[in-house]
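A.B. asks: Predicted model follows, preceded by the sequence.
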Amino acid sequence: MVRDLGVLAVALLVVIVPGAALAAALGVRRPLWFVGMSVPASAGLATVTAVVCAVVGVSYGPVALGVVTVVLLAVGVPRLVRACRARLAGPPTPPPWRVARVAGPVLVSAAVVLSVFTWWSGMRGLATVGQEHDMITHHLATAYIERTGRGAPWQLMPTDLLDGSDVGFYPAGLHLLMAPVAASTAGTVVGVNAVTVVVLGLVWPVSVAALGHVAAVRARLERGAPLVAGVAAVVAVGLYRPVFSLVHEGGILPNAVTLVLAPGLLAVLLTVPRRWEPVVVAGVAVAGVVAVHPSAVATVGFSLLAWWVGDAITDRRRAVRVLPRLVAVGAVAAVTSSPVLFQAMGSVAGTAGAGADIGPRPFGSALGDALGMVYSGYIPGHRGDAQWAAASATLLGAVAVLVSRRGYGVLVAWTAWLVVEVAFLSTAGRPVVAPLTGFFYHAHLRVWSHLSLFAPVLAGLGVVLVAWAVARRAARVVRRVRWSAVGFVVVAALAYLARPGIGYARVEADYVASRYARPDFVRVGPDDERAIAWLADRVRPGERVLNSANDGSTFLYVERGVPVVNVSSLGSARAPHTYRLLRDFNTFPHDDQVRRMLRELDVRWVYVDANAPTIGSGSSPENWVGHHLFSTARGLRGLDGLPGLRLAFRSGDVSVYELDLGT
């Protein structure tokens, strides 16, 4: 417990301080900006650092990122201290709103505690291995950066871990932060989990709170902005999407992180001043979320456009004034993220060309599920249940905005994504929204998650607007209108947190546990750990271990640095030998082509799990699997007794064979 808290502290520093140091060095002073852009800017700065390291021929890691951060801190801290002194010398805040300024952060802090506790309850420790499929890549990418110091976009992710060849682009902005944490603490698994908890547990409510603050100011609720932020954070931590849905249903960690960072980044983009320094910081922050996952271009771009339209309804001049600044931010982001975007262009066709993962549904069902924030996933006891309290608070906010004619930006943004979600589930609407949903592989869980970026903000606006309206109407009875409004909001937020909030946390802890503490399936288990401990020291330099990445064999590299043949569960089209060996290895006694591939790869050991998890295989190269489900590769079955192959180790379903191809 104590060690894990220390690791979380390290992860928090790595995730926040580089971006905050950049902002301070360039003269950013607004607390909102530090809240909204520190993490995205850290990812952007890490990406730039990794690119520079690759160009000059030095290793990327905690030292390189640390040196850059220290230099920026040396420039920025004195400037920030002077600015804070000037801020403290400003005029005092009226007592009721002084309480609001305290109550808002207290509510955000309570939301953060509940959110982190939810993750802690589901993980039961940072050393617990995440079993979801995509964690294969997250662990390997982090370990590769940590072990080799290679982190530039053109260096990730290689198919061959030994020589770094056959690179296929994989967005690694998040892994560039995970690797320094892993190298500085207790290894890859702990580093990956620590950053996951910090970003998805801590940063998510804070990010939403930042956008809530901006929405309140836009709605002419400047004094109540901290309360809107606090309520928004309280509602956000209980939502199934985007955090728990994407992690539970696919291990889609980078996309989940971009969605978590999007509200805070939008808060920054909506408040860009005229000075060039903040424009540069905002551009680096945008480049950072693009480096985490390029779909951020669509998430942030479409959301910002929708919000801008909403703002234009009430203040056209302000909407027009901000356009040149946003163009400048976009230019900085394009230049900063150009190495990432250049590499990503090769995968655009595959992303947009993916088939939708769900068929059309009736309009009423699609709209009802979207508004009700219905649970999905693979836990029968929760699947199909609506989050009624969160949904009601969101609809209250929508009505309050319409009645008060304040805060149209967030309402239009939420409505725009609601239209996209419903259209995506209709036969007629799907082709219309396909150019947008193509950024998300036409995956329903990714599209649906966007509603949750704005629902908590609407809820916060709704509660504060209603509280203010009720307090004003009760002014004849209650003299201190402001005090009563603040009290109403705080009581409502605490009541929500105590009842539905904690209930949602229990449910979502179950979703986390189904992939961590109490996994529905085991990809990396005790048998794998025993096999890895036995095999690792027996592999000679230059040898590769033949494996299937759909089991625990990849942890040979993650934990011990032993190169394996397969880093993708179905093999890689860039390296045909990967999947052809999965298909045909058991024919090696009489297949000269298979024997040639094994010799070229210097394979002496074969790692097999006879009970690997079942996954979909519709995208296997050359359709080598032959059907839609995959577990243990057919080329790795029936190995006992083959000439030239000796069973060297077995623990449970995991076996290690020694291969002798002769001369």
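C.D. replies: Now that the structure is in, tell me what you want to look at.

A.B. asks: if I look at Arg518, how far off is Asp653?
C.D. replies: Distance, Arg518 to Asp653, using CB to CB, to the nearest Å: 20 Å. The way it works is simple: take the backbone N, C-alpha and C, and place the C-beta from them, glycine included.

A.B. asks: who has more neighbours, these two?
C.D. replies: Between Arg518 and Asp653, Asp653 has the larger neighbour count (other CB atoms under 10 Å), namely 16 against 11.

A.B. asks: Break the chain into its domains for me.
C.D. replies: With domains defined by automatic domain parsing, the chain comprises 2-344+493-513, 526-659.

A.B. asks: hey, where'd the helices end up in the stretch 251-400 of the chain?
C.D. replies: 253-269, 276-292, 296-314, 316-336, 338-344, 348-352, 363-372, 388-404 (DSSP state H, counting those that start in this stretch).

A.B. asks: Dump the ones you listed to a markdown table, plus distance to Ala172.
C.D. replies: Formatted as a markdown table, those follow (distance: least, CB to CB, whole Å):
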| stretch | distance to Ala172 |
| --- | --- |
| helix 253-269 | 8 |
| helix 276-292 | 7 |
| helix 296-314 | 14 |
| helix 316-336 | 15 |
| helix 338-344 | 9 |
| helix 348-352 | 16 |
| helix 363-372 | 32 |
| helix 388-404 | 33 |
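
A.B. asks: which residue packs closest to Ile358, ignoring adjacent ones?
C.D. replies: The shortest distance from Ile358 to any non-neighbouring residue, by CB to CB, 6 or more residues apart in numbering, is to His444 (4.4 Å).

A.B. asks: what about that neighbour, neighbour count?
C.D. replies: His444: 20 neighbours (other CB under 10 Å).

A.B. asks: Is it in contact with Val422, as I believe?
C.D. replies: No - counting by CB atoms under 8 Å, His444 stays clear of Val422, with 11.7 Å between them.

A.B. asks: quick one: contacts for the residue sitting nearest the centre point of the chain?
C.D. replies: By CA atoms, centre = their mean, the mean C-alpha position of the chain lies nearest to Val257, the distance being 1.9 Å. Neighbour list for Val257: Leu174, Val199, Leu200, Val292, His293 [criterion: CB atoms under 8 Å, 6 or more residues apart in numbering].

A.B. asks: and the residues you listed, which are buried?
C.D. replies: Listed as buried from the contacts of Val257 are Leu174, Val199, Leu200, Val292, His293; burial here means 16 or more other CB atoms under 10 Å.

A.B. asks: Can you give me the separation between the fourth one and Val300?
C.D. replies: The one in question is Val292. 11 Å.

A.B. asks: hang on, the earlier thing: so who does the residue nearest to Ile358 touch?
C.D. replies: Ala356, Asp357, Ile358, Phe424, Leu425.

A.B. asks: which of these count as buried?
C.D. replies: Among the contacts of His444, the ones that count as buried by 16+ other CB under 10 Å are Ala356, Phe424, Leu425.

A.B. asks: now the residues you listed in JSON lines, with pLDDT and distance to Val565?
C.D. replies: Below are the buried ones among the contacts of His444 laid out as JSON lines (pLDDT from 0 to 100; distance: CB to CB, whole Å):
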{"residue": "Ala356", "pLDDT": "73", "distance to Val565": "33"}
{"residue": "Phe424", "pLDDT": "93", "distance to Val565": "38"}
{"residue": "Leu425", "pLDDT": "92", "distance to Val565": "40"}
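
A.B. asks: Using JSON lines, lay out the residues you listed together with distance to Thr554.
C.D. replies: Converted to JSON lines, the buried ones among the contacts of His444 look like this (distance: CB to CB, whole Å):
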{"residue": "Ala356", "distance to Thr554": "30"}
{"residue": "Phe424", "distance to Thr554": "34"}
{"residue": "Leu425", "distance to Thr554": "36"}
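
A.B. asks: Looking at these, which is nearest Gly372?
C.D. replies: Ranked by distance to Gly372 (CB to CB), the buried ones among the contacts of His444 are led by Leu425 at 14.1 Å.

A.B. asks: From Pro362, how far off is the closest one?
C.D. replies: 9 Å.

A.B. asks: Could you do Ala505 as well?
C.D. replies: Relative to Pro362, and taking CB to CB, Ala505 is found at 32 Å.

A.B. asks: now Ala434
C.D. replies: For Ala434, the distance to Pro362 - CB to CB - is 20 Å.

A.B. asks: check contacts around Leu174.
C.D. replies: Ala43, Val195, Val199, Leu253, Pro254, Val257, Val292 are the contacts of Leu174 under CB under 8 Å, 6+ apart.

A.B. asks: so what's the last one closest to, chain neighbours aside?
C.D. replies: Translated: Val292. Val292's closest residue in space is Gly173 (CB to CB, 6+ apart), at 3.8 Å.

A.B. asks: same deal with the first one?
C.D. replies: If you skip the residues right next to it in sequence, Ala43 has Gly288 as its closest partner in space, 3.5 Å away by CB to CB, 6+ apart.

A.B. asks: Cross-check the contact I'm expecting between the one you found and Leu45.
C.D. replies: Yes - contact criterion CB under 8 Å: Gly288 and Leu45 qualify, at 7.3 Å.

A.B. asks: quick one, which of those two is more surrounded?
C.D. replies: The neighbour count for Gly288 versus Leu45, taken as other CB under 10 Å, is higher for Gly288 (35 against 25).

A.B. asks: Now do the same contact list for the residue nearest to Ala43.
C.D. replies: Gly288 touches Gly19, Val39, Pro40, Ala41, Ser42, Ala43, Gly44, Leu45, Ala46, Thr47, Gly173, Leu261, counting by CB under 8 Å, 6+ apart.

A.B. asks: Look up how far Met597 lies from it.
C.D. replies: 40 Å.

A.B. asks: next one: Arg82
C.D. replies: Noted for Arg82: a distance of 65 Å to Met597, by CB to CB.

A.B. asks: cool, and Ala215?
C.D. replies: From Ala215 to Met597 the distance is 58 Å (CB to CB).

A.B. asks: what about those two, which has more around it?
C.D. replies: Of the pair Ala215 and Met597, Ala215 is the one with more neighbours under other CB under 10 Å, namely 34 against 21.

A.B. asks: Check which helix or strand the more buried one maps to.
C.D. replies: Assigned by DSSP states H and E, Ala215 falls within helix 204-218.

A.B. asks: How far away from the center of its chain is that helix?
C.D. replies: With CA atoms, centre = their mean, to the nearest Å as the basis, helix 204-218 stands 19 Å off its chain's centre.

A.B. asks: what's the average pLDDT for that helix?
C.D. replies: Averaging pLDDT along helix 204-218 gives 97.

A.B. asks: picking that back up, check the contacts of Val257 and tell me the two furthest apart.
C.D. replies: Greatest spacing in the contacts of Val257, by CB to CB: Leu200 and His293 (13.6 Å).

A.B. asks: so of the domains of the chain, which one's packed in deepest?
C.D. replies: The highest average neighbour count among the domains of the chain, using mean count of other CB atoms under 10 Å, belongs to domain 2-344+493-513 at a mean of 22.

A.B. asks: what ranges do the strands span in the stretch 551-663 of the chain?
C.D. replies: Secondary structure of the stretch 551-663 of the chain (DSSP state E, counting those that start in this stretch): strands at 603-609, 615-616, 629-630, 645-651, 654-659.

A.B. asks: Give the partner strands of the second one in its sheet and their orientations.
C.D. replies: The strands that strand 615-616 pairs with in its sheet are strand 629-630 (antiparallel) (by DSSP bridges).

A.B. asks: what about Leu445, how many residues close to it?
C.D. replies: Neighbour number of Leu445 under other CB under 10 Å is 21.

A.B. asks: Report the distance from stretch 372-382 to the chain centre.
C.D. replies: That offset, for stretch 372-382, works out to 20 Å (CA atoms, centre = their mean).

A.B. asks: Regarding that stretch, how distant is the last residue from the first?
C.D. replies: Counting by CA to CA, to the nearest Å, you get 14 Å between the two ends of stretch 372-382.
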